[in-house]
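Asker: need coordinates for the below:
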Amino acid sequence: MADSMKGLKRTHYCGEVTQAGQEVVVGGFVDRIRDKGGVIFIVLRDRTGVVQLTFNDKSDPAVFEKASSCKSEYVLMAKGSVMERESVNEKLKNGNVEIFVTDLRILSKAQTTPFEITNETKVNEELRLKYRYLDLRRAPLQQNIIMRHQLAKVTREYFYENGFLEIETPMMMKSTPEGARDYLIPSRVHPGSFYALPQSPQIYKQLLMIAGYDRYIQLARCFRDEDLRADRQPEFTQIDLEMSFVDAEDIQECVEGFIQRVFKEVMNVDVSTPLPRLTFADAMARYGSDKPDTRFGFEIQDITETVKDIDFVVFKNAIEEGGSVRAINVKNGAATYTRKEIDKLVEHAKGIGAKGLAYIRWADEPNCSFKKFLGEGDLEKICAALDAQQGDLVLICADRTKTVLSTLGAIRLICGKRLDVIPEDQYNFLWITEMPFFELDEDSNTWVAAHHPFTMPMEECLEYLDSDPANVRAKAWDLVLNGTELSSGSMRITDFELQQKMFEALGMTDEEIQAKFGFLVDAYRYAAPPHGGMGIGLDRLAMIMCKADSLRDVLAFPKVQNASELMSECPSPVDKASLDVLGIEVTATEE
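Answerer: Down below sits the predicted model:
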């Protein structure tokens, strides 16, 4: 039978026991035990760290006997005197002290765990997720969860101090098109009708601006039924904000202040503001990505003019068909990238959609994959245009410009990681501005909204709405950190007539508008202040701040790639009676 806590009240966390001469009471899990015969050492662990408990020939025999019965992960409470250690452990912040225990309580016994609870582990992640409550006892995960808490705390404090009101929006709402599939909730009271879990609080926060709450903030739970990856989960937390009587610069300046504050308070990292800015077009041209990692070079360069007269059919065809020829200079890449390694890059490029890669590998002398097509001086011109020197590797792609940029953007990242030129302790924030308003759906060959349909186009682009959708830019922006998109934001359309025009440009009928957005459209008839906002991914921000490889490392109970949770085994079937109440029948679906 477990001991009682009666008469003991915890006075200190384990990691906070640092001062010799104190009488303390601590509680925690047994991290490890060393039994030296006449001396027993138990390392006790809680969320703040560890402390060593000591038992010897001066201990009460009953206490010593109880200590000798302890095993890993038992839950203990211990009372005793803090003493200087004879053998100091320099790896611990309190490695100079230990507790000589005078009263020991075994509050709960543990059976042998399916894996050892250690800081470093090679245990299969699937097993750790199945026993997530044990995995969460490990210090690295506990530190991540605590840092995430600190991030949320500073977030609230910053926005409160800047006049924002925290307002909760509904978790059950009308299903509206926002780019991903909704998670649907059947209604018992309204048979055949469904609520949707919010993909974001977008519509509600705009309604709050119409209602006069000019600064809104919420750490909002959002849900999207889409394929998972390392930086995506089906449910996530968004630092959601909206502001009235502002322009884009006001919102960005406010968020820059938040970024500066949170990195300083949580990590003691100084972030200089204002943050640099790149237009969407420049980001794509230089980095082949709308979320570029600017911590290293290897930028994309347009060499179409340089190679236009070279009699190489790959280049000629691309240029004649309206495409381009572009390249990256992988500085000092020749030694690492042998011909075999280059072939792997070529296959990767083909997987993205390119026809391949041409290259110039300059080890002892330039080795060019298309050398036989070059005239006198052509190779020198290309190398000069790209500032290529001995030791460098030049990778060239010729195709449709969209394909070229996406290919070289991906290859650039692969080479940066392979050459280990990306600094880990550097935080490069970047605003991506002037986002395209429309994007072409190549399957249907129609223009669709690149953002939600309430995004404001730039005034100078309004004349192109009907005639030239490709040239319409939005008052929308992204916040990027080290190649990860943290946030999207935009100014919203508040003019009723312009909103109708935008819906028409997207091919929506009056009936569709009313069915999908009727209540919001009606609200704008009653006047609205100019407003805009952003949604910052709290989980992604925490992942980068914790230097984690996956969102799973900063969430207490994450989902895996098929959107299931291994620990609780959800989602799971429910009984027929529960389905009958909802008027739902489960039918077989094709795999």
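Asker: quick one: mean pLDDT over the top helix by length along the chain.
Answerer: Counting residues, the longest helix found in the chain (DSSP state H) is helix 139-161. Across helix 139-161, pLDDT averages out at 97.
Asker: show me which positions of that helix end up buried.
Answerer: Applying a neighbour-count criterion of 16 or more other Cβ atoms under 10 Å, one finds 139, 141-142, 144-145, 147-148, 150-152, 154-155, 158-159 buried in helix 139-161. Heads up, the C-betas are built off the backbone N, CA and C, glycines and all.
Asker: farthest pair in those residues?
Answerer: Across these, the longest distance by Cβ to Cβ is 30.7 Å; it joins Ala139 and Phe159.
Asker: can you list the residues that contact stretch 109-125?
Answerer: Here stretch 109-125 makes contact (Cβ atoms under 8 Å, 6 or more residues apart in numbering) with 2, 29, 31, 71-75, 127-128, 130-131, 134, 137-140, 552.
Asker: got a ChimeraX select line for the buried ones in those?
Answerer: The following ChimeraX line selects those of the contacts of stretch 109-125 that are buried, judged by 16+ other Cβ under 10 Å:
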select :29,31,73,74,75,128,130,131,134,137,138,139,552
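Asker: now the end-to-end length of stretch 286-295.
Answerer: End-to-end distance for stretch 286-295: 13 Å, by Cα to Cα, to the nearest Å.
Asker: for stretch 307-317, same thing?
Answerer: 12 Å.
Asker: start at 630 instead
Answerer: Done: numbering now begins at 630, and the last item shifts to stretch 936-946.
Asker: centre of the chain to that stretch, how far?
Answerer: 41 Å (Cα atoms, centre = their mean, to the nearest Å).
Asker: if we go by neighbour counts, what in that stretch is buried?
Answerer: Neighbour-count burial for stretch 936-946 flags Val936, Ile939, Phe941, Val943, Phe944, Lys945 (criterion: 16+ other Cβ under 10 Å).
Asker: got TSV for those residues, with pLDDT, secondary structure and distance to Val646 too?
Answerer: Below are those laid out as TSV (pLDDT from 0 to 100; DSSP: H, G, I helix; E, B strand; the rest coil; distance: Cβ to Cβ, whole Å):
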residue	pLDDT	secondary structure	distance to Val646
Val936	94	helix	69
Ile939	93	coil	73
Phe941	93	coil	72
Val943	94	helix	69
Phe944	95	helix	70
Lys945	94	helix	75
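Asker: and of those, the nearest to Lys1000?
Answerer: Using Cβ to Cβ, the buried residues of stretch 936-946 come closest to Lys1000 at Phe941, 10.0 Å.
Asker: residues in contact with the closest one?
Answerer: Each residue near Phe941 by Cβ under 8 Å, 6+ apart is listed here: Ala987, Phe999, Phe1002, Leu1003.
Asker: what about Gly1004, how many neighbours?
Answerer: Applying other Cβ atoms under 10 Å, we find 10 residues neighbouring Gly1004.
Asker: that one: which element?
Answerer: Using DSSP states H and E, Gly1004 sits in no helix or strand.
Asker: following the longest helix of the chain, which helix or strand comes up?
Answerer: Following helix 768-790 in sequence, per DSSP H and E, is strand 794-795.
Asker: mind giving me the packing neighbours of that following strand?
Answerer: Packing partners of strand 794-795 (3 or more Cβ pairs under 8 Å, 6 or more residues apart in numbering; DSSP states H and E): helix 768-790, strand 844-852.
Asker: go again using 7 Å as the cut-off
Answerer: When contacts are defined as 3 or more Cβ pairs under 7 Å, 6 or more residues apart in numbering; DSSP states H and E, strand 794-795 packs onto strand 844-852.
Asker: same question for whatever helix or strand comes next after the strand it packs on, mean pLDDT?
Answerer: Sequence-wise, the next helix or strand downstream of strand 844-852 (DSSP H and E) is strand 864-873. Averaged across strand 864-873, pLDDT comes to 97.
Asker: now the next helix or strand after strand 864-873 - C-alpha only, CSV.
Answerer: Using DSSP H and E, the helix or strand that follows strand 864-873 in sequence is helix 877-896. Output of helix 877-896 as CSV, limited to C-alpha atoms (Å, rounded to 0.1, in the frame of the first residue of the first chain):
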residue,chain,number,x,y,z
ALA,A,877,-0.4,47.2,-43.4
GLU,A,878,2.7,49.0,-41.9
ASP,A,879,0.9,49.5,-38.6
ILE,A,880,0.1,45.8,-38.3
GLN,A,881,3.6,44.7,-39.3
GLU,A,882,5.2,47.2,-36.9
CYS,A,883,3.1,45.8,-34.0
VAL,A,884,4.1,42.2,-34.9
GLU,A,885,7.7,43.2,-35.1
GLY,A,886,7.5,44.5,-31.6
PHE,A,887,6.0,41.2,-30.5
ILE,A,888,8.8,39.2,-32.2
GLN,A,889,11.5,41.4,-30.6
ARG,A,890,9.9,41.0,-27.2
VAL,A,891,9.3,37.3,-27.3
PHE,A,892,12.7,36.4,-28.5
LYS,A,893,14.4,38.6,-25.9
GLU,A,894,12.3,37.3,-23.0
VAL,A,895,12.1,33.6,-23.8
MET,A,896,15.5,33.1,-25.5
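Asker: pull out the buried positions in whatever helix or strand comes next after helix 877-896.
Answerer: Using DSSP H and E, the helix or strand that follows helix 877-896 in sequence is strand 906-908. Across strand 906-908, burial judged by 16+ other Cβ under 10 Å covers Leu907.
Asker: what residues sit buried inside the helix or strand just after strand 906-908?
Answerer: With elements assigned by DSSP H and E, the helix or strand that comes after strand 906-908 is helix 909-916. Under the neighbour-count criterion of 16+ other Cβ under 10 Å, helix 909-916 has Phe909, Ala912, Met913, Ala914, Arg915, Tyr916 buried.
Asker: also stretch 1208-1218?
Answerer: Within stretch 1208-1218, judged by 16+ other Cβ under 10 Å, no residue is buried.
Asker: can you get me the start-to-end distance on it?
Answerer: One end of stretch 1208-1218 to the other measures 17 Å (Cα to Cα).
Asker: tell me the mean pLDDT for that stretch?
Answerer: The pLDDT scores in stretch 1208-1218 average 86.
Asker: what is the nearest of the buried residues of stretch 936-946 to Ala978?
Answerer: Val943 (12.6 Å).
Asker: buried residues in stretch 1168-1180?
Answerer: Asp1168, Arg1169, Leu1170, Ala1171, Met1172, Ile1173, Met1174, Cys1175, Ala1177, Ser1179, Leu1180.
Asker: name the element the third one belongs to?
Answerer: Right, Leu1170. Going by DSSP H and E, Leu1170 is in helix 1167-1174.
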